[in-house]
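Undergrad: Output the structure for:
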Amino acid sequence: MSFPLPLTSHLRDAGPLVYGCMALGGDWGDGPVTEADVAHAHEAVEAALAIGIKLFDHADIYRRGKAETVFGELLKRDAGLRAKVRLQSKCGIRFADDTAPGRYDLSADYIEASVDGILKRLAVEHIDILLLHRPDPLMQPAEIAHAFGRLKAAGKVGHLGVSNMHAGQMRWLQSALREPLVANQLEISLAKLDAIDAGTTFNDPQATTRPGGIAWAGTLEYAQQHGVQLQAWGSLAQGRFNDPSASAAAKAVHEIAEAHRTTVNAVLLAWLLRHPAGIQPVIGSGNAERIRACGDATRIQLSREEWYRLYVATRGQALP
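TA: Numbers count the residues shown, from 1 in each chain. Coordinates of the predicted model:
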């Protein structure tokens, strides 16, 4: 028997998949958005809409702002598009400049200025969700809470979430907030198992000494307990499993895809969707064909045995 895995209440209408817009907007230079960039973005967004995606994920740094700019151009050209999508963006990463190195900044002034820039580039007055992109070691939860309160009161932001934060950081930030954090976006995929290993192999010396492993202990459990929607960036594993001869894990992915008469991409996403946290995979490809190939992910259900076969094969060693 299988049980449905509902999304958290704040994101229930967003659907099980997210489209990550980092590939849109051309190169990472300072030049303007071109018509070719707009055409590419239109093709990718239409492919995402075609497989039922509603939530579109941005960040103010993607293509140095051009990902948001090109999406804003699509919204200007199609009056009905805004009603079809939910918009999420992130802030808090600053590139190196003349005064300082690359750094994280979750000060109130920077958050509020960043949101104004996001709204301008997207050509909207409101975004549904703001994520804090990286944990700033100098962050002060009360300061962030005041900034979010002002943004919320001004109608600029609907909900607040985080990205790349572990359970302790979420708990610390939530202590100052009146409203619940609604999402946490982490790198999780069949090729990036740290967050899952942290709850599975915590008593394995090899796992606990691996960089990034034990740091995520309790993060998935905290999210499930407190209704924080987990989103998985890097969910397609950068093409690591495309070649079935590359590894035993890749072979297993292909064999399971064949058994379900689906694509490798769909299996990778279905593996995440099978987790009881109801993880939303973020599809970051700019290739319309590859985006459409992800559509089967919500229509297949991996068995426990298939899920564990992929997990153990990718780990490359038996569970402790």
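Undergrad: Low-confidence bits of the chain, can you list those?
TA: Along the chain, segments meeting pLDDT under 70 span 1-12, 202-214.
Undergrad: Mind doing that once more with 80?
TA: 1-13, 201-214 (pLDDT under 80).
Undergrad: Please, where are all the strands along it?
TA: Secondary structure of the chain (DSSP state E): strands located at 18-20, 55-57, 86-91, 93-94, 103-104, 127-132, 157-163, 183-187, 229-233, 280-283.
Undergrad: Of all those, which one comes closest to Gly239?
TA: Comparison of those against Gly239 by Cβ to Cβ identifies strand 280-283 as nearest, at 13.0 Å. Any C-beta I mention is one placed from the backbone N, CA and C, and that applies to glycine too.
Undergrad: hang on, the earlier thing: reformat the strands of the chain as JSON lines; add mean neighbour count and distance to Asp116.
TA: Output for the strands of the chain, formatted as JSON lines (neighbours: other Cβ atoms under 10 Å; distance: least, Cβ to Cβ, whole Å):
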{"stretch": "strand 18-20", "mean neighbour count": "26", "distance to Asp116": "23"}
{"stretch": "strand 55-57", "mean neighbour count": "26", "distance to Asp116": "19"}
{"stretch": "strand 86-91", "mean neighbour count": "24", "distance to Asp116": "10"}
{"stretch": "strand 93-94", "mean neighbour count": "19", "distance to Asp116": "15"}
{"stretch": "strand 103-104", "mean neighbour count": "16", "distance to Asp116": "19"}
{"stretch": "strand 127-132", "mean neighbour count": "24", "distance to Asp116": "11"}
{"stretch": "strand 157-163", "mean neighbour count": "23", "distance to Asp116": "11"}
{"stretch": "strand 183-187", "mean neighbour count": "24", "distance to Asp116": "21"}
{"stretch": "strand 229-233", "mean neighbour count": "25", "distance to Asp116": "24"}
{"stretch": "strand 280-283", "mean neighbour count": "27", "distance to Asp116": "25"}
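Undergrad: As TSV, the ones you listed with distance to Ala142 would be great.
TA: Converted to TSV, the strands of the chain look like this (distance: least, Cβ to Cβ, whole Å):
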stretch	distance to Ala142
strand 18-20	30
strand 55-57	27
strand 86-91	18
strand 93-94	22
strand 103-104	18
strand 127-132	14
strand 157-163	14
strand 183-187	20
strand 229-233	24
strand 280-283	29
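Undergrad: The ones you listed: which one's closest to Lys251?
TA: strand 280-283 (21.9 Å).
Undergrad: what's the closest one packed up against?
TA: Using 3 or more Cβ pairs under 8 Å, 6 or more residues apart in numbering; DSSP states H and E, the elements in contact with strand 280-283 are strand 18-20, strand 229-233, helix 264-273.
Undergrad: Can you name the residues in contact with it?
TA: Contacts to strand 280-283, defined as Cβ atoms under 8 Å, 6 or more residues apart in numbering, come from residues 7, 11, 14, 16-20, 48, 53, 55, 57, 185, 229-236, 268-269, 272-273, 291, 294, 297.
Undergrad: cool, and stretch 255-266?
TA: 236, 241-242, 244, 253-254, 267, 290, 293-297, 299-300, 302, 306, 309-310.
Undergrad: can you check stretch 284-294 too?
TA: In contact with stretch 284-294 (Cβ under 8 Å, 6+ apart) are residues 17, 19-20, 22-24, 40, 43-44, 46-48, 50-51, 233-236, 263, 265-266, 269, 281, 283.
Undergrad: Show the buried residues in these.
TA: Those of the contacts of stretch 284-294 that meet the buried threshold are 17, 19-20, 22-24, 40, 44, 47-48, 51, 233-236, 263, 265-266, 269, 281, 283, by 16 or more other Cβ atoms under 10 Å.
Undergrad: picking up where we left off before, show the buried residues in the contacts of stretch 255-266.
TA: Buried among these (16+ other Cβ under 10 Å): 236, 241, 244, 253-254, 267, 290, 293-297, 300, 302, 306, 309-310.
Undergrad: Let's see which of those end up in helices.
TA: Secondary structure assignment by DSSP state H places 253-254, 267, 290, 306, 309-310 of the buried ones among the contacts of stretch 255-266 in helices.
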